[in-house]
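1. predicted structure and sequence below. I'll ask about it afterward.
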Amino acid sequence: MASEIPRLPPSGIKVIVVGAGFAGLAAAIECDRKGHSVTLYEKVDDINEITRIGDIISFDPNGSKAFERWPGVIDAMEAIARQTTWLDLYHHEGKFVTRQSFAHEKTWGRRINGHRGQLHDIIYRHAVARGIDIRLGKRVEDYFETDDPPQAGVVIGGERFVADVVIAAEGVRSRGRKIVLGFDENPKSSGYAVYRAWFPSDDVAKNPIIKHLVVNGDTHQGFIGPDIHFLASSIKGGKEVNWVFTHIDDGNIEESWQFPGKPEEALKYLDGWCPIVHELVKATPPGRLIDHKLVYRDPLPTFISPRARITLIGDSAHPFLPTSIQGASQSIEDGVVLATCLQLSGRADIPRALRAYEKIRYDRVHRAQAMGPKTRERWHKADWSQVWKTPEMIHLVREPWLLNFDAEKDAYDRYADVVSALEPPRAKL
């Protein structure tokens with residue numbers, strides 16, 4: 001029951017959230033926890049259009065801390081997550097290089113790696129259980145904010161809906177970016193694209209070349225070659241398998257930047273790669289492969305609108321490359337920090353809350369964002385004459401400043417100092 005879920009007393013702050021992806025749901029849940037009144041608008045009519053998406057998504061300890069505060073969520077996630085604490089890395093021709101262990105990170109928090117749609121469904125059901133007002137089939141056409149009265153809102157079907165603050169969490173194509181930037185801009189090609197697949201492992205278990213990936217429980221491995229890295233894992237005791245590989249994109253960015261892929265097309269990029277990779281791609285059933293363009297956005301000068309009543313979060317504000325392994329976690333942190341700043345500012349000064357949110361988040365999120373290209377280049381441009389001598393060169397960088405972090409505690413601890421620095425000193429009498 002929604003009444004049995006812990007939350008702070010009502011703050012009187014009315015919040016509109018646009019987008020029911022991970023960022024939007026996290027913001028809505030965290031705002032509800034802090035006592036704010038939330039209405040969430042999502043353009044899809046059927047939430048299953050989001051929850052059926054099948055590829056791997058990762059939440060590091062810094063992201064999963066929020067889930068531990070949402071009753072029942074973290075345990076439900078762990079029950080369907082990959083049960084590995086390591087990554088085995090191979091040369092693209094098949095020779096084993098090194099194993100990287102993540103076991104020590106348990107002291108920082110829980111790592112959740114699982115099916116994107118299934119993990120999303122757990123969070124969505126929790127939002128529904130909280131009683132959050134979620135309105136599906138509502139496509140936002142525009143954003144606006146006013147001084148008199150001081151409010152912000154969205155336009156849906158020609159009708160205006162208002163609140164004290166609007167959170168744009170629609171992803172890289174968010175219409176909210178226009179009111180923040182002051183102009184329309186289109187996503188650019190990152191120069192890379194991704195093939196990704198998820199499917200039952202029945203046929204994999206029958207194939208002598210690749211059955212070792214699934215018959216002994218969950219596994220996690222990566223194959224690294226020139227301008228490509230291929231990651232594969234099994235999950236749910238080896239009953240399901242997923243793979244993904246990033247490659248140089250030889251196409252261009254069109255409106256439809258994600259569409260069904262074909263195994264035979266994916267294999268063209270893997271000429272000269274080991275049989276394990278080839279057989280895994282061939283084992284992909286029809287309809288289970290997605291070809292996904294990695295779009296890019298220039299770093300924004302700000303996340304908030306001119307009157308500081310509208311803010312961007314998640315991919316709307318800062319799209320991440322998959323190699324950062326932080327896009328999902330940073331979107332959760334966004335919602336946590338924003339809800340906390342709204343609580344501490346109170347309804348009387350929403351702009352102060354949004355400016356504090358931006359100040360707390362801006363440097364951290366861009367520092368995390370920069371790790372994506374660095375990891376990709378470390379793999380794609382690896383000097384193998386050196387890697388064979390020092391295999392740890394291709395380990396993922398796992399830094400305590402990023403992973404051993406509690407965004408809520410940090411926001412509570414820093415808010416007063418951040419606000420003090422934002423506001424000009426009062427004149428002496």
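-> Okay, I see it.
2. switch to C-alpha atoms for all contacts and neighbour counts from now on
-> Will do.
3. what's around Lys95, how many residues?
-> Residues within reach of Lys95, counting by other C-alpha atoms under 10 Å, total 11.
4. residue contacts, the residue nearest the centre of the chain?
-> With distances taken as C-alpha atoms, centre = their mean, Ala328 lies nearest the centre of the chain, 2.0 Å away. By C-alpha atoms under 8 Å, 6 or more residues apart in numbering, the residues touching Ala328 are Phe22, Ala23, Ile57, Ser58, Phe59, Gly63, Gly314.
5. so how far is the helix or strand where it lies from its chain's centroid?
-> Ala328 is located in helix 327-345, with elements delineated by DSSP states H and E. Taking C-alpha atoms, centre = their mean, to the nearest Å, the mean C-alpha location of helix 327-345 is offset from the chain mean by 13 Å.
6. got the CA coordinates for it in PDB?
-> Extracted as PDB, the C-alpha positions of helix 327-345 are listed here (Å, rounded to 0.1, in the frame of the first residue of the first chain):
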ATOM      1  CA  GLY A 327      25.100   6.400 -17.500                       C
ATOM      2  CA  ALA A 328      22.400   4.600 -15.600                       C
ATOM      3  CA  SER A 329      24.000   5.300 -12.200                       C
ATOM      4  CA  GLN A 330      24.500   9.000 -12.900                       C
ATOM      5  CA  SER A 331      20.800   9.300 -13.900                       C
ATOM      6  CA  ILE A 332      19.800   7.800 -10.600                       C
ATOM      7  CA  GLU A 333      22.100  10.200  -8.700                       C
ATOM      8  CA  ASP A 334      20.500  13.100 -10.600                       C
ATOM      9  CA  GLY A 335      17.100  12.300  -9.300                       C
ATOM     10  CA  VAL A 336      18.400  11.800  -5.700                       C
ATOM     11  CA  VAL A 337      20.200  15.100  -5.600                       C
ATOM     12  CA  LEU A 338      17.400  17.100  -7.200                       C
ATOM     13  CA  ALA A 339      14.800  15.800  -4.900                       C
ATOM     14  CA  THR A 340      17.000  16.600  -1.900                       C
ATOM     15  CA  CYS A 341      17.800  20.100  -3.000                       C
ATOM     16  CA  LEU A 342      14.000  20.800  -3.500                       C
ATOM     17  CA  GLN A 343      13.400  19.500   0.100                       C
ATOM     18  CA  LEU A 344      16.100  21.700   1.500                       C
ATOM     19  CA  SER A 345      15.100  24.800  -0.400                       C
END
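7. counting by contacts, list what whichever helix or strand comes after that helix packs against.
-> Reading on from helix 327-345 to the C-terminus, the next helix or strand found by DSSP H and E is helix 350-369. Contacts defined by 3 or more C-alpha pairs under 8 Å, 6 or more residues apart in numbering; DSSP states H and E place helix 350-369 against helix 327-345, helix 407-422.
8. flag every buried residue along helix 350-369.
-> Within helix 350-369, the residues scored as buried using 16 or more other C-alpha atoms under 10 Å are 350-362, 365, 368-369.
9. ok, now stretch 75-87?
-> Neighbour count says stretch 75-87 has Met77, Glu78, Ile80, Ala81, Arg82, Gln83, Thr84, Leu87 buried, by 16+ other C-alpha under 10 Å.
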